[in-house]
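Engineer: Fold the following for me, if possible:
(one chain, ligands or ions: 1)
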Amino acid sequence: MSRRIVHIALLILCLVIAVLLTVPRLVDEDQNKVLKKPPYTASERAVRLHRDLTIADLHADSLLWGRDLLQRSGYGHVDIPRLAEGNVTLQVFSLPTKSPHGLNIESNEDKNDDIYLLAIVGRWPLRTWNSLTERALYQAWRLHAMASGSRGGFVVIENSTDLTSYLERRRSNHNLTAGLLSIEGAHALDGKLENLDVLYRAGYRMISPSHFFDNDIGGSAAGVHKTGLTEKGREWVRQMEARHMIVDLAHASAKTIDDVLAMATRPLVVSHTGAKGTCANNRNLSDDQIRAIAAKGGLIGIGYWDTANCGTDARAIVKAMRYVSQMVGAEHVALGSDFDGAVTTPFDTTGLVQITDAMLAAGYSEEEIRMIMGENVVRFLTANLPEK
Ligand SMILES: [Zn+2]
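Structural biologist: I've put the predicted structure just below:
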């Protein structure tokens, strides 16, 4: 009898191990699809120009899924080898720390949390299960560990001095790539503004007030009440600015965007979004918002997925870019892929040459392409990150 119990216990253990080893990968593959697998083709002119670009993307959620980003994967959108192959100079790695089940762009309550389940099956440390700040700290630690393991091939940028010296090194070695840490939703502070220093010390330099639900900082475009910035949220903006941390208005409610713009003394980004002018929905920016963000010296990162631009190819992405750049100038437009953000994209990060190609076809000048593909982000970060 006792032997039978041992057998059953062993069987259960094997099953648990099998689930822990396979589920994160299955979820990752299922959530982060591409419409076409690499390799990607483009015109000769685009390939030549693309090789010579400085490319920077304001938003990818690749840390969330537990993939070793030092290894090239055959699924998902971003890892360090694929960034190097795509000639990407800088990738912002953003972390959602809490995500209600059944995400939608209309209305989400702060009731349950899929990232809790991901933390368990992904074998994140126990301390991350019930603390959003700990989740952010753990993922920052992982990105830094990957940088250490890359033997200089990948660096984490924390200030403008880092960025300048990295760009200098990259001039003679285009295989180098870099990341910057960001968070989706200031609920990652676990309700305590003091935790901003904790996140800063871990390397985070960009945070959005909210993500898919309204929180104690501000409302979300996908929240139930879509409230504005709270009193605590105003103090959060002041403290972000004092540390030269960048406020990201992606996912914020219209009211929160207005409230932040009314008080911000530093430029802002909207890391991954679309324009209502080419794709009208709750998630995307109105013309007034685009103008107001540009007037503050901000950047608008155009996303690659269908809710951002109502299309499924590079042409749709470029159409949204064109809409924004014709309104406020190419200097305010950037890449904001949302790679690995539980979205389907036309290509992975090795396929960015298709955007370059579509920009040429849309009549963008080489100078404008250089700006939008990355020079705007580099200029913005050089001017707005802490100096040291
Ligand atoms: Zn997002």
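
Engineer: what are the ranges of the strands in the stretch 51-200 of the chain?
Structural biologist: When assigned using DSSP state E, counting those that start in this stretch, the strands of the stretch 51-200 of the chain occupy the ranges 55-60, 88-96, 154-156, 177-184.

Engineer: Which of those sits closest to Gln289?
Structural biologist: strand 55-60 (16.4 Å; Cβ to Cβ). (Each C-beta comes from the backbone N, C-alpha and C, glycine too.)

Engineer: Contacts for that closest one, please.
Structural biologist: 77-78, 86-94, 182, 248, 250, 269, 271-272, 299, 301, 303, 334-341, 349, 352, 373-378 (Cβ atoms under 8 Å, 6 or more residues apart in numbering).

Engineer: Could you give the separation of that strand from the chain centroid?
Structural biologist: 7 Å (Cα atoms, centre = their mean, to the nearest Å).

Engineer: tell me the mean pLDDT over it?
Structural biologist: Across strand 55-60, pLDDT averages out at 98.

Engineer: CA-only coordinates of it, as PDB, when you get a sec.
Structural biologist: Listed next in PDB are the C-alpha coordinates belonging to strand 55-60 (Å, rounded to 0.1, in the frame of the first residue of the first chain):
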ATOM      1  CA  ILE A  55      17.400  51.600 -34.500                       C
ATOM      2  CA  ALA A  56      15.600  52.000 -31.200                       C
ATOM      3  CA  ASP A  57      12.300  50.600 -30.000                       C
ATOM      4  CA  LEU A  58      10.400  52.100 -27.100                       C
ATOM      5  CA  HIS A  59       8.500  48.900 -25.900                       C
ATOM      6  CA  ALA A  60       8.800  45.200 -25.700                       C
END
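
Engineer: tell me the angle of it relative to strand 88-96?
Structural biologist: Relative orientation of strand 55-60 versus strand 88-96 (axes from the mean of the first three to the mean of the last three Cα atoms, to 10 degrees): 10 degrees.

Engineer: could you check the angle strand 177-184 makes with strand 55-60?
Structural biologist: Using the same axes, to 10 degrees: strand 55-60 against strand 177-184 is 30 degrees.

Engineer: that older thread, looking at the strands of the stretch 51-200 of the chain, spot the one closest to Leu285.
Structural biologist: For Leu285, the closest of the strands of the stretch 51-200 of the chain is strand 55-60, at 13.9 Å, according to Cβ to Cβ.

Engineer: packing partners for the helix or strand harbouring Ile293?
Structural biologist: Element membership for Ile293 (DSSP states H and E) is helix 287-295. Where contact means 3 or more Cβ pairs under 8 Å, 6 or more residues apart in numbering; DSSP states H and E, helix 287-295 is packed against helix 254-263, strand 299-302, helix 314-328.

Engineer: Please name the residues that touch the residue nearest to Thr54 when sequence neighbours are not counted.
Structural biologist: The shortest distance from Thr54 to any residue other than its chain neighbours is 4.3 Å, reached at Gly374 (Cβ to Cβ, 6 or more residues apart in numbering). Under the criterion of Cβ under 8 Å, 6+ apart, the contact partners of Gly374 comprise Leu53, Thr54, Ile55, Ala56, Asp57, Thr89, Leu90, Ala334, Leu335.

Engineer: Any idea what the last one is bridged to?
Structural biologist: It refers to Leu335. Each beta-bridge partner of Leu335 is listed here: Asp57, Ile302, as defined by DSSP bridges.

Engineer: what's the pLDDT at it?
Structural biologist: What the model reports for Leu335 is a pLDDT of 98.

Engineer: number of nearby residues for it?
Structural biologist: Here the neighbour count serves as a burial measure; for Leu335 (other Cβ atoms under 10 Å) it reads 31.

Engineer: wait, it sits on Ala308?
Structural biologist: No: taking Cβ atoms under 8 Å as the contact criterion, Leu335 and Ala308 are not neighbours in contact, 11.5 Å apart.

Engineer: so what sits against both of those two?
Structural biologist: A shared contact of Leu335 and Ala308, defined by Cβ under 8 Å, 6+ apart, is any residue touching both; here these are Ile302.

Engineer: residues contacting Ile302?
Structural biologist: 272-275, 308-309, 317, 320-321, 324, 333-336.

Engineer: gap between the two ends of stretch 148-167?
Structural biologist: 18 Å (Cα to Cα, to the nearest Å).

Engineer: Averaged pLDDT, it. What do you get?
Structural biologist: 97.

Engineer: With stretch 206-213 instead?
Structural biologist: Model confidence over stretch 206-213 averages 97 on the pLDDT scale.

Engineer: For Ile5, find the nearest of the strands of the stretch 51-200 of the chain.
Structural biologist: Ranking the strands of the stretch 51-200 of the chain by distance to Ile5, with Cβ to Cβ as the measure, places strand 88-96 first at 41.4 Å.

Engineer: ok, that closest one: who's next to it in the sheet?
Structural biologist: For strand 88-96, the paired strands and their directions (DSSP bridges) read strand 55-60 (parallel), strand 177-184 (parallel).

Engineer: Got phi/psi on Ser131?
Structural biologist: Ser131 adopts backbone torsions of phi -140, psi 120, taken as degrees, to the nearest 10.

Engineer: Identify the residue nearest it in space, chain neighbours excluded?
Structural biologist: Asp190 (5.8 Å).

Engineer: Enumerate every residue touching that neighbour.
Structural biologist: For Asp190, the set of contacting residues under the criterion of Cβ under 8 Å, 6+ apart consists of Ser131, Leu132, Thr133.
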